[in-house]
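[1] need the 3D shape of this:
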Amino acid sequence: KPFPWNYLPNKVALIWGAAEVAFISPLFAVLIAFNVGWYHICMYVWYHRYFVRCREAIPELIRSVSRPLGRWMLQDPRNHAYLPWFALLSFVPMLFFWAMW
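    The predicted structure follows:
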């Protein structure tokens with residue numbers, strides 16, 4: 001057992017863990033339910049018939065940027081679909097680090 005718990009009996013650790021779970025579980029249940037509901041709302045909007053133009057235009061807009069960059073930057077231009085993910089996965093963590101600064 002780690003340092004603070006090696007001086008306490010196992011029942012105390014069990015009660016402490018159960019108390020933490022009892023306190024955190026309702027909060028997480030509400031958060032999960034909210035996120036699932038929000039996901040279904042977003043999917044309803046995304047697949048709505050009035051959103052067809054955006055649903056078709058957004059991927060083509062991303063491809064129209066990644067294809068020329070893929071020809072310019074990559075050895076195999078067929079891998080251009082990975083460039084938006086590279087940009088997203090390198091830019092977003094930098095925003096988090098900047099926000100913590």
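[2] now the helix or strand hosting residue 58: average pLDDT?
    Element membership for residue 58 (DSSP states H and E) is helix 52-73. Helix 52-73 shows a mean pLDDT of 88.
[3] contacts for the following helix or strand past that helix next, please.
    Using DSSP H and E, the helix or strand that follows helix 52-73 towards the C-terminus is helix 83-100. Outside helix 83-100, the residues that touch it by CB atoms under 8 Å, 6 or more residues apart in numbering are 62, 65, 66, 69, 70, 73, 74. For every residue, glycine as well, the C-beta is placed using N, CA and C.
[4] and these, which of them are buried?
    Neighbour counting by 16 or more other CB atoms under 10 Å classes 66, 70 among those as buried.
[5] who does the helix holding residue 58 touch, helix- and strand-wise?
    For helix 52-73, the helices and strands in contact under the criterion 3 or more CB pairs under 8 Å, 6 or more residues apart in numbering; DSSP states H and E are helix 83-100.
[6] pLDDT score for residue 32?
    With respect to pLDDT, residue 32 has a value of 97.
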